[in-house]
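Q: Would you be able to build a 3D model of this:
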Amino acid sequence: MERKLTNYRQWQKQLQDIRLPRWKELPSLGLYVDQVVTVVNEQLAAFDVEPLTKAMVNNYVKKKVIQAPVKKKYAVNQLVDLLLIGFFKVSFSIDDIRAGIAQVTISTYPQQAYEHFATILETILAEQPVESAADQIDPASQALMEAAIQAVLAHLKAKHIFAEMHDHQQPLDVEKG
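A: All right, here's what the predicted structure looks like:
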């Protein structure tokens, strides 16, 4: 019996249309934590990842994963960090995500690194070849971004396929022994 994976294919098609906001399109006025969570979760919803909560954001601040807000307001750089954390936490630990962000931004401004991340992600989602951008970002950072994005997408794809297979046919019980 052939399985059609209709829901998976619809979700995969939706992914091809995702466009992340660019740095200058993100709210530049300081946002309170509730607003930050709303903006980040709106952007991540199409990926079907676990949404961020206020408690998670407060924990990230407490553990110095992201910079503390100034007068309870978050800036664009913190919003971008939370977008990246929300996307990558599917497959990577928070410490690895923070280290990856730090590694990429050693040689590239955060705005430029985020713009490049968004471009790579959208290119991969559109199933197009990713072009080298050695004039904008170092090759190691680009390779890290591509590999990390592919890892998250592979995880999400497998999760969706498994869920659809499970909905159509219950697995056989295996006797313990």
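Q: For residue 107, list the residues it contacts.
A: Neighbouring residues of residue 107 by C-beta atoms under 8 Å, 6 or more residues apart in numbering: 137-138, 141. Using the backbone N, CA and C atoms, a C-beta is placed for each residue, glycine as well.
Q: how much space between it and residue 140?
A: 9 Å (C-beta to C-beta, to the nearest Å).
Q: one step back: please convert the contacts of residue 107 to JSON lines, extending it with neighbour count.
A: Formatted as JSON lines, these follow (neighbours: other C-beta atoms under 10 Å):
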{"residue": "137", "neighbour count": "22"}
{"residue": "138", "neighbour count": "14"}
{"residue": "141", "neighbour count": "21"}
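Q: so which helix or strand takes in residue 166?
A: For residue 166, the element it lies in under DSSP states H and E is helix 139-168.
Q: quick one: the helices in this structure?
A: Assigned by DSSP state H, the chain shows helices spanning 6-16, 33-44, 54-62, 76-88, 94-106, 110-125, 139-168.
Q: Low-confidence ranges, this protein, go.
A: 1-3, 168-177 (pLDDT under 70).
Q: Could you rerun that using 80?
A: 1-4, 133-136, 166-177 (pLDDT under 80).
Q: dump the residue contacts of the most centrally placed residue in it.
A: Closest residue to the average C-alpha location of the chain: residue 87 at 1.9 Å, with C-alpha atoms, centre = their mean. With contact set as C-beta under 8 Å, 6+ apart, residue 87 has these partners: 44, 47, 49, 152.
Q: same question, residue 110
A: Going by C-beta under 8 Å, 6+ apart, residue 110 touches 77, 80.
Q: and which of the contacts of residue 107 is nearest residue 17?
A: Nearest to residue 17 out of the contacts of residue 107 is residue 137 (C-beta to C-beta; 24.8 Å).
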